[in-house]
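Visitor: please work out how this folds:
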Amino acid sequence: MTPSALLILDTQQNMFADDFHVANGSQILANIAALIAKAQAANAKIIYIRNNGGAGDPDEPGTPGWEIHPAIAPQADDMVVDKATADAFDNTTLQSLLDGQGITDLVVAGMQTEVCITETCQTAVNLGYNVTLAADAHTTFDWEEMTAADAIAQAHNLLAPHLTIQPTQEIVF
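Guide: I've put the predicted structure just below:
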């Protein structure tokens, strides 16, 4: 079996705030939970990527918004990598952690499609990883200038030539 990992990006409490939250948050959490169960069953690594916002940001380290959503909270064997930019590989330990474990295949899920998901997927492909984006396990906000559905469609069009895009139920670790 190919060494694989599930990367869960920025699925933090601040993304689910009552006053401003990601689109389809409950369904995305359910799909991520299904991916976690599949990864656990296959003994794949589960790596949470947590965004560290600046002072006063909703994801400022140590604040409630910074915490990973409790519905999919890391377990004892899971890893957490903190980042300060959109790309989970930029100035983090992620690549050395993956390479140290011999991981070649990544399944990516989480938040924000048009920023962190897209940039992390592009870097992973450029670094030589085989990447699968969970089509129904990532999302973003409905912005005035673009809906989440449109942002997801644009990301899929941009990324499809370079990686695999599959719904959660078809993903195998």
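Visitor: which outside residues touch the helix of greatest length in the chain?
Guide: Determined from DSSP state H, the single longest helix within the chain is helix 25-41. By Cβ atoms under 8 Å, 6 or more residues apart in numbering, the residues outside helix 25-41 that reach it are 4-6, 8, 11, 15-16, 22, 44-46, 69, 71-72, 75, 107, 109-110, 134, 136-139, 168-169, 171-173. For glycine as for every other residue, the C-beta is placed from the backbone atoms N, C-alpha and C.
Visitor: and stretch 15-32, average pLDDT?
Guide: Here stretch 15-32 scores 94 as its mean pLDDT.
Visitor: got any ranges where the protein has weak pLDDT?
Guide: Where the chain drops to pLDDT under 70, the residues are 1.
Visitor: so which bits of the longest helix of the chain are buried?
Guide: 25, 28-29, 31-32, 34-36, 38-39 (16 or more other Cβ atoms under 10 Å).
Visitor: in the longest strand seen in the chain, what counts as buried?
Guide: Using DSSP state E, we find that the single longest strand of the chain is strand 130-139. By 16+ other Cβ under 10 Å, the buried positions in strand 130-139 come out as 131-139.
Visitor: got TSV for those, with distance to V115 too?
Guide: Output for the buried residues of strand 130-139, formatted as TSV (distance: Cβ to Cβ, whole Å):
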residue	distance to V115
V131	17
T132	19
L133	14
A134	17
A135	18
D136	19
A137	16
H138	11
T139	12
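Visitor: looking at the residues you listed, spot the one nearest F89.
Guide: Within these, proximity to F89 (Cβ to Cβ) peaks at V131, which comes in at 11.9 Å.
Visitor: coming back round to it: tell me the angle the longest helix of the chain makes with strand 130-139.
Guide: 150 degrees (axes from the mean of the first three to the mean of the last three Cα atoms, to 10 degrees).
Visitor: on that earlier part again, which among the buried residues of strand 130-139 gets closest to A153?
Guide: Nearest to A153 out of the buried residues of strand 130-139 is A135 (Cβ to Cβ; 10.6 Å).
Visitor: quick one: contacts for that closest one?
Guide: So A135 contacts 156, 165-168 (Cβ under 8 Å, 6+ apart).
Visitor: let's go with 6 Å and repeat that
Guide: Residues in contact with A135 (Cβ atoms under 6 Å, 6 or more residues apart in numbering) are 165, 167.
Visitor: for T104, same thing?
Guide: Going by Cβ under 6 Å, 6+ apart, T104 touches 2-3.
Visitor: check the one 4 residues further on too.
Guide: Taking Cβ under 6 Å, 6+ apart as the criterion, V108 is in contact with 7, 121, 133.
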